[in-house]
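In: give me coordinates for this.
(3 chains)
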Amino acid sequence: MSLMNILAMQPDIEDIAEEAEGTGEGFSTAPLVVLGIALAILLSYALVKFFINRARGGLPEVDTSAVVHPAEFETDTALRFEDVKVSFATEFGTVDAVKGVSFDIKPGEVVAVVGESGSGKSVTSSTAMGLMADNAKVSGRVFLDGKEVTNISPAKLRSLRGDEIAMVFQEPMTALNPVLKVSDQLVEALQVHNKAFGREALAQAVRLLAEVGIPDPEKRIHEYPHQFSGGQRQRIVIAMAIACNPKMIIADEPTTALDVTVQAEILDLMRRLKDDLNTGILLITHNMGVVADMADRVVVMFQGEVVESGPVNKILLEPEHAYTKRLLEAMPTLGEANIEVNEPTPAEGEDSAMPSVDPEAELHLEAKDLALAYKNKGRSTRVVEGVNFAVARGEILGLVGESGSGKSTVAKAVLGLLEVEEGELLVRGQNLPKLPRAQQKALRREIGVVFQDPAASLDPRFPIGEIITEPMVVHKVGTPKERTARAEELLDAVKLPRTVINRYPHELSGGQRQRISIARAMALSPSILIADEPTSALDVSVQARVLDMFAELQEQYDFACLFVTHDLAVVDQLADQIMVMEKGRVVEQGRKEQILRSPREDYTKRLLAAAPVPHPEEQRIRREARRELLASQGLRRD
Amino acid sequence: MSNDQTPEQQNTDQDQQMVDLAEVEDTKLEEKSKHSYSQGQLIRRRFFHHKPAIISLIMLGAVIILAFSSIGFGAVPGWWDKHYQATGSIVDGGRPMMFQDGNFLGEHPFGQENVGRDYFAMVMRGAQQSLIVAFVTAVVSSIIGIALGAIAGYFRGWTESIIMRLTDFVIVVPTLVFAAMLGHIAGGSVVMLGVLLGCATWTGMCRLVRAEVLSIREKEYVSAAVAMGASPARIITKHMIPNSIGVIIVNATFAFVTAILLETTLSYLGMGVQRPEVSLGLLIEQYQNAFSTRPWLFWFPGLFIIIIALAGNFIGDGLRDAFDPRQRRSGDSRPSIAGVLGLRGVQRAFRPKSDVGMPAAGGSGGAQLPAGQNDPHGDAKRFGRKK
Amino acid sequence: MLKYLLKRLGSTVLILFGATLLSFVIMINTGDPLADLREMQSDNVEYLMQERIERMGLDQPWYIRYWDWLSGILGCFGGSCDFGTTMTGAQVTPVIMAAAEQSLRLVFVATIAAIVIGVLTGIVTAMRQYSLLDYLVTFFIFLFWSLPVFWAAVLAKEWLAIRYNDWMMEPHFTWTNILVLATILAIFVPMVLGGNAKRRLITGGIMFAFVCAVLPWMNAVNFMTHPRLGPVIILIGSLMLAAGFTALIAGIRNRRVLYSGLTVVALGMVAYYATWNLLQDPPGGWLFLGAMFVLTIAICVVIGRSMGGHARGQATAVSVLTGALMSGMILLDHFMYHWPGLLSAKPRPVSTIGSHTPTLDENFWVTALDQMTQLWLPSVLMALLSLATYTRYTRSSMLEVQKQDFVRTARAKGVTERTVILKHAFRNAMIPLVTIVAFDFAALISGSIVVEQVFGWNAMGNVFITGMQTNDPAPVMAFILVTGSVAVLFNLLADILYAVLDPRIRV
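Out: Down below sits the predicted model:
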C-alpha cells in the first residue's frame, strides 16, 4: 500500500512544482500537497484498522478458568538454600549480612522467614532472584526446582525471573512505574516470557486483574498506577507476579506498608491464590500475626543466622530458642475482644460522644468541637471535624485509626503546627490558639512531643546533649551546667549511657534515637505529652523496650498523654481511654475496656477483627469471624 | 513483657544471651571506640578522599598566591619588579622566556605585548581583578540567595510567590544581558562590579536553598522545635541553614566559577572591567587578533581562566560528593584501575576497614546497607497482636 | 491540564512584562545617550542634541517613555509591530527581524544538537558508571563548563576554520593523519560500546582496519572536493541501521520487527531514485524537504504498525528511526552532490565573518551549504556549552531512577537490561530534565551574544552590544523582548512536554 502511494504521488508533485514555477512566485504549494498526502496515508490506515477491528470484534474470548494454572514441578522442592552467605563491601569495611543459611520450600507450601531489622531475611531471599546490589558478595548455592541459580549466566537467570520465580515487594506505592499504564506493565510481564502477545496478552492481563479483585478491570487496566489505592496497587503487583504461573513467589513484607484492614484483604487474596497455584511461597515478614495467618512452616532469623525453624504450630506455640521466645513475648497483646456479629448495639445511658471523665480529675488537655483544615493557596480543606476529648493528669488517651483518618492531624493541632479552624483547644484550662504569642510560648513548656520517624526527629547536626536540652534553651531555663546535668539525668532515665551526650544521631539506632526523643520531650517535665506513632517504625523487641520505658516515665512524671497510633495492641497495653477515628471523624470513644472488649460501631469491629494474632488456630477462628462480620455488614465481595 | 519473665535465658551460653535486638544495639553503642565523628568530620574525611578535588584545591590556592604575591596588592609590594602598566623595550620579539636559556622565569616569563609591557605582570593583575570580582560576586549572590531562599521556603504564601517569580526572571532575561545592564552602573570599581554581578546571579542559590528548606521543614525535628515554641529566627538559623550547608557551600563554589566566567565574558564584550584596568577577559579581547603572530598573548590569560574555573568545578564536585553521598553508589568505593578499563570480574579494591560507625545519613541508598542497626525500610509499620 | 498550561503561560508572560519594565528603567537611568554628541566639536551640536532629546523623549518621565515603547509593541497584536527607533532615527523593527532570523537559527540548531548528543552521552555514561569512558566524559564536561566561550571561539576560528580552509586548498590525508585517527577511534569506540576485554579488542581492531581502509579510499576518489555517498553506501548504511535498531530495541531474533525495518530500507531506496530529479531544485525549499520528511515518517509509522504484529510498538520505533536516519543520509548525499558547486563559488569554504555569504547567487543546495558552513562552528561551540549540562543531568537522573523500586520490579519481571533502560528508566529520567530546557535556553542566548561577536555576525548579539555601548534603549529592549518571547514559547513547550511525560500532572 505504501509503495503504491510513493509511486502514485510522483507525477502529482511534479505537476504542482511546475505550476508553482510557472506563477513565478516564491511561495510554493508543493510542501502542503506532500503534507496532505502524509495525512491521507495516516487517515486511511486508521480507517482500515478500525474496520478490521470491527470485523474481528472485541477482545478474543478465552476461558476465564485458564488464567491461573497450578505450577508443575520436576523435583519435590521448589526452592532450596544451601549455606548461603552474603557480605557487603561498604565505605567502612565489609559487613556480613547473611552468615550461612540453609532451608527449603516445597511446592504449595508457605514458608515464613521471620526476623527483625538486620536479620538478613530480605537479603537471603534476593539471592534467589539474582537481584543483589553491586557491592554484594554471595557464596553458597540456591536451587530452584533442582536447578542451581547461583552460577548460571545472567541471561538465563533473567529468563527465570518472572517466569519461574516471581516477587512481590513491600512498597506498593513505588513498585509500579508511574509513567506507564497498568496495561503496559502487565502485558510486558506476559510478553517477556512469550506467554501471550498483543491483544491476547491484553485480554490475559484483564483476566489477571479480575483474578486479583480489581473491579471493572477492562476499563481500569488503561489507567496509570497513581489512579489506584495502595491496596489495589499491591493487587496489581501480585497480578504481575502470578502472570506466568511461577513455581516460586517471594513476598517481601507484602502487607507491611498497608493498613490493617487492607492487610487482611491482601492476605485473603494470597491465601486463595496459594491454593490455586500450587507454588511455593517464601513470605518475609516481621509480623507473627501474618505468620500465623499464612505460613505452613517458619524460619526465624537473627543477625544473619537461622536460629530456629519448624512447623508454624511448633514455632509459635512451643518455641525453643530464646530469641523466638523473646520475639513472641515482645509483641504487644490485645485482650480478647467481643466482635460478635449479631450482638445488638447496646444503647446504654452513657453518651458515647462525650467520654466519661472523672469530674474530680485535673484536666490537662481538652478539645471541644475541634475542626481542622489544611490550607493550600487560599483554599482550605477540612480534614477533621467535631472532635471532643479530655485527658486528665496521669491519663493516656489512645487515638486510633488507619491512614487518612486524621489522627495525626489532631496531634499536629495540639502542637501548634496547624491552625485550629473551629472549636476550642484547652491546655491546662487555657484556650491555646487564642492566647497572645508570649503566653502561647510559655504554655508550650507544658507540652512535650515524640514523633514517629527516628531518622528525622533528631537534627543530624546537633550532638545528643544539645538535642535533649533544646527545649531548655528555647525557654531559657537553667545555666549550661544545669542543662548538662539534666541531660545526663534524662539519659539515665531512658537507660542510655551518659557518654552518648557528645555523640551524633547518626551513630545511634532507631530505637535509641526514639529514646533520645523521649528524653527531649521530658526535658522540661511537661504536664502533657503528645506521642505520634512513636513506636511504629521500630522492631518488635525494640518497641517493647520503648513502651516499657514510656510506661515507667509516665508513672514517674504523671503527665497526660495523647498517644496516636494505628496499633490497637499498643493502645491496649498503654491507654486508659480510646478514641477511634475514620476519615476525619470520631467513630467511637470511651474507656479502653469498653472499646476493645465490646465495641459498638461497625468500623471498630472491623478494625479489631482485621488484626491478626500470633496463634494459628486462634487466627483461623478470627478469620472466619471476620468473614462473617463483613458479610453481616454487607461488605463481602466474594 | 519485660526480661525478668525469662529466667532460663540467663542459663544459656554467652552467644545466646544476646537475643534482644535492643540489647545488641546498646552493647554496640557501649563498645564503640571513644572517638566520635560529627557530620562535619565525616564530610571532611570524604572530601579528602576525593583526589581531583584535592589537586584542584592545591592548584587554585597556588594560582591565588601567585596572583597576589607576585605583583603585590594595594600598598603591599610583591616579589615581581615590573609594573603591569610600565612599557619597556621589546626583547626577542616579545616571546615568553619561561624555561628558556636555563632560566626558570627569565626577564619576561609570559613575554611582552606590542608596546613592551611585561605580560606576566599584566596577566597577574588581570587574574587578581577577576578573582576579586568572582569572589565578591559569589559572596553577594550567596548571601542574597540564602536569605531570600530561606525566607521563601520558611514563610511560604505570598512572600514565596513573589520571590520565586523574581527568580523566574532568569528564564526570560539571560543572566549575561541582565549583568551587562547592571555592570553599566559599576563604572571603574571592580568591587562594585562584583556586588552588581552578585545582584544578577543570586537566583540559582535562592531556588536551591528554598527547595532544601522546604524539605527540611517537613522533618520532624523542625516540627519538634516549632512545638516547643522556638522562634522562626532560631529555627532558620539553628536548624534549616546548618542542615542546608552542603547545598550552600557546593553552590557557592559553583557560583564562584560562574562568576569568573561571567566577568571575563563581560569584560571581553567591553561591558565589564574597563581600561586602563586589566582583567583576563579584557586581555583576550585586546590580543585575540594577535593569535597568528604572538599566540602567547592569547594563551596565557585563557589558561588562567580555565585553571581557575576547572579547579572550582572539581572542588565543587568533591564537596558535593562529600556532603551528599547519594550521587555515588553508597558503600562502594570507586573501582580499581582494572575495573575502569573494563576488566571486570577482577577483584575490586576496597578501602581498609575502620572503626567508624556506619553513617545513617538520609537514606543514602539504604537498601545496599543491609546489616547492622539501620533498617533499610525504616518507615515500616509494625503490627502486633496477642499471643 | 489546559488550565495548568495556561496558568504557566500567563505567569511567564507576566514575568516577561516585568522584565521589560525593569530593564527599561535600568537602561534609561544608567547611561548618557548624548555622550557622543557632548564630545563633538561641530557648530550644530546644540541642534543635534535638541533633536535627539526630542526623538528619544529624554525630557519625558520614564513611565511615559515606557508607555510609548510598550504601545508600539502592543501593536503586534494588531498586526503592525513597532520596536521604536534608534537614537539616530533608524527603524529598529526591520533590523531586529533580520537579526532574529539568523540568531534563532543558531540557537535552535545548537539546542537540538546539545539535547540529542547530551542525552545520548548521558545515558551511555550512566550505563557505564565508573568506567574510563565515564571519567573521560566527566572530565570533558568539567572542561566545557570551565571554558570561556569567547576564548574557545577564537581558538576554533583559528584551527577549525582558517587551518581547514588552508588544508582544503590541497586536501589529502597523509599516512600519519590516518594512523593517528585510526588509533584514536580504535580506542574510543570500544569504550562506548563496552563489553568484556575480548570484545573490546575485536571492536577496536575492526575500527582500526575500517579507518585505514576508508581514508585512503577518500584520498583516491577526491572525497574532500567531490564527496558522494552514492546509492551503495546509502543501502549498506541503512541496512546496518535497520539491523542495529532491531537489535537494540527488540532483539535481532524478532523477525517481524527486522522485516519492517528492511521494508523501510527498500522503500527508501525506491524513493531515493524516484525523487532525485525532483529534489534537484525542491519547490518551496526547506518547507518542501520538511514535508517530505513528515511523509516519510507517516509511511514508516504505517509500515511499522501494519507489519509489526504483536511487537507493533517496537516495529514502529525501528522503522521510524531507520526511515528518519535514511532520509538524513539521502539529504546528505544531495548536499554532497552540490559541494563542488560551493567550492567553485567559494574556494575557502568556512569563512569566519558573517552568517552567510552575501554575494553568493546559486541554487537552493549551494545557498544552504553556504549557510551551513557558516553556521557549524558557532553552533558547535554553543552546543558544547549546553551539551555538558544535558549530559551531566541525564547521567545523574538516570542513575537516580535506576535505584527506584519500579526498576527493581521490572528486573524481577525478567525484563532485559535494554528494556529496563530504554522503557522504564529513560522516560522517568527525562521528567526532571525537561525543566532544564527552559533555563538552558536563556544560557544559550547569552552564549549566542558572545559567539556572534567573535564570528562577526551582524545579528541579535550585535544589536544588543551596540545598543548598550551607545546607551540606546530601543535596540536593547527589542533584543530583550524578542529573546524573552522565544524563551516564553520554549517554556510553554517544556511544560507541554512535562505533561506528556508525566501522567500524574495530566488531570
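
In: got the residues of the stretch 51-200 of chain B near chain C?
Out: Residues of the stretch 51-200 of chain B lying close to chain C by Cβ under 8 Å from any Cβ of the partner chain are B:165, B:168-178, B:180-182, B:184-185. From N, CA and C alone the C-beta is placed, and that goes for glycine too.

In: again, only using 10 Å
Out: Neighbours of chain C within the stretch 51-200 of chain B, by Cβ under 10 Å from any Cβ of the partner chain: B:52, B:56, B:161, B:164-186.

In: from the residues you listed, which ones fall inside strands?
Out: Per DSSP state E, strands hold no members of those.

In: out of these, which end up buried?
Out: B:52, B:56, B:164, B:166-184, B:186 (16 or more other Cβ atoms under 10 Å in any protein chain shown).

In: now B:Q112: how far from chain C?
Out: As for B:Q112, its distance to chain C is 20 Å (criterion: Cβ to the nearest Cβ, to the nearest Å).

In: no no, A:V98
Out: Taking Cβ to the nearest Cβ, one finds A:V98 at 19 Å from chain C.

In: my guess is that residue contacts A:F81, does it?
Out: Yes. Applying Cβ atoms under 10 Å as the test, A:V98 and A:F81 come out as touching, 9.4 Å apart.

In: just say helix, strand or coil for the most centrally placed residue in chain A.
Out: For chain A, the residue nearest the mean C-alpha position is A:A257 (0.8 Å; Cα atoms, centre = their mean). Following DSSP: H, G, I helix; E, B strand; the rest coil, we place A:A257 in the coil state.

In: so for it, what's the pLDDT?
Out: Predicted confidence (pLDDT) at A:A257: the value is 85.

In: quick one, longest helix in the chain?
Out: Reading this off chain A. helix A:30-56 (DSSP state H).

In: was after chain C, sorry
Out: Counting by DSSP H, the longest helix found in chain C is helix C:364-402.

In: elements contacting the helix or strand just after it?
Out: As assigned by DSSP states H and E, the chain's next helix or strand after helix C:364-402 is helix C:405-412. Helix C:405-412 sits against helix A:121-129, strand A:165-168, helix A:172-175, helix A:182-192, helix A:230-242, helix C:364-402, helix C:417-419, with contacts defined as 3 or more Cβ pairs under 10 Å, 6 or more residues apart in numbering or on different chains; DSSP states H and E.

In: same for the longest helix of chain A, what does it pack against?
Out: Applying 3+ Cβ pairs under 10 Å, 6+ apart, we find helix A:30-56 packed against helix A:2-23, helix C:286-307.

In: could you tell me the least trusted of those?
Out: helix A:2-23 (a mean of 41).

In: can you confirm C:A274 is in a helix?
Out: Yes. Checked against three-state DSSP, C:A274 lies within a helix.

In: what count of nearby residues applies to it?
Out: By other Cβ atoms under 10 Å in any protein chain shown, the residues close to C:A274 number 15.

In: returning to that earlier point: now, the buried ones among the residues of the stretch 51-200 of chain B next to chain C that are in helices?
Out: B:52, B:56, B:164, B:166-167, B:169-172, B:175-184, B:186.

In: returning to that earlier point: and chain B, which of the helices and strands packed on helix C:405-412 is closest to it?
Out: Nearest to chain B, of all those, is helix A:121-129, at 5.0 Å by Cβ to the nearest Cβ.

In: and the helix or strand following that closest one, what's buried?
Out: Going down the chain from helix A:121-129, the next helix or strand is strand A:136-144, by DSSP H and E. Neighbour counts over strand A:136-144 (16+ other Cβ under 10 Å) mark A:136, A:138, A:140-144 as buried.

In: same question, stretch C:260-267
Out: Along stretch C:260-267, these residues count as buried under the neighbour rule (16+ other Cβ under 10 Å): C:260-265, C:267.

In: where does the stretch 1-150 of chain B dip in pLDDT?
Out: For the stretch 1-150 of chain B, the stretches with pLDDT under 70 are B:1-19, B:31-37.

In: how about the stretch 251-387 of chain B?
Out: Applying pLDDT under 70 to the stretch 251-387 of chain B picks out residues B:325-387.

In: again with chain A
Out: Within chain A, the segments meeting pLDDT under 70 span A:1-27, A:56-67, A:91-92, A:335-361, A:377-378, A:636-638.

In: pretty sure C:I465 is touching C:I449, no?
Out: Yes. In this structure C:I465 lies within contact range of C:I449 using Cβ under 10 Å: 7.1 Å.

In: these two: which has the busier surroundings?
Out: Neighbour totals were compared for C:I465 and C:I449, and C:I449 leads with 25 against 21 (other Cβ under 10 Å).

In: stretch A:130-139 and chain C, are they touching?
Out: Yes. For stretch A:130-139, a contact with chain C is found by Cβ under 10 Å from any Cβ, at A:130-131, A:133-134.

In: those, buried ones only, as a ChimeraX selection?
Out: The ChimeraX command for the buried members of the residues of stretch A:130-139 next to chain C (criterion: 16+ other Cβ under 10 Å) is given here:
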select /A:130,131,133
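
In: want to throw the residues of stretch A:130-139 next to chain C into JSON lines with distance to chain B?
Out: Shown next, in JSON lines, are these (distance: Cβ to the nearest Cβ, whole Å):
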{"residue": "A:G130", "distance to chain B": "15"}
{"residue": "A:L131", "distance to chain B": "10"}
{"residue": "A:A133", "distance to chain B": "4"}
{"residue": "A:D134", "distance to chain B": "6"}
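
In: after the least confident helix or strand in chain C by mean pLDDT comes which helix or strand?
Out: Lowest by mean pLDDT, DSSP states H and E among the helices and strands of chain C is helix C:35-38, with a mean of 79. Using DSSP H and E, the helix or strand that directly follows helix C:35-38 along the chain is helix C:45-56.

In: list the buried residues for that next one?
Out: Buried residues in helix C:45-56, defined by neighbour count with 16+ other Cβ under 10 Å: C:52, C:56.

In: contacts for that helix?
Out: C:28, C:33-34, C:36-40, C:42, C:44, C:58-60, C:65, C:68, C:84-89, C:471-474 (Cβ atoms under 10 Å, 6 or more residues apart in numbering or on different chains).

In: hmm, try it at 7 Å
Out: Contact partners of helix C:45-56, identified using Cβ atoms under 7 Å, 6 or more residues apart in numbering or on different chains, comprise C:33-34, C:37, C:59, C:85, C:87, C:89.

In: same check, this time on stretch C:97-104
Out: Counting by Cβ under 7 Å, 6+ apart, C:355, C:448, C:452, C:457, C:459-461, C:463, C:482, C:486 sit against stretch C:97-104.

In: show the buried residues in these.
Out: C:355, C:448, C:452, C:457, C:459-461, C:463, C:482, C:486.
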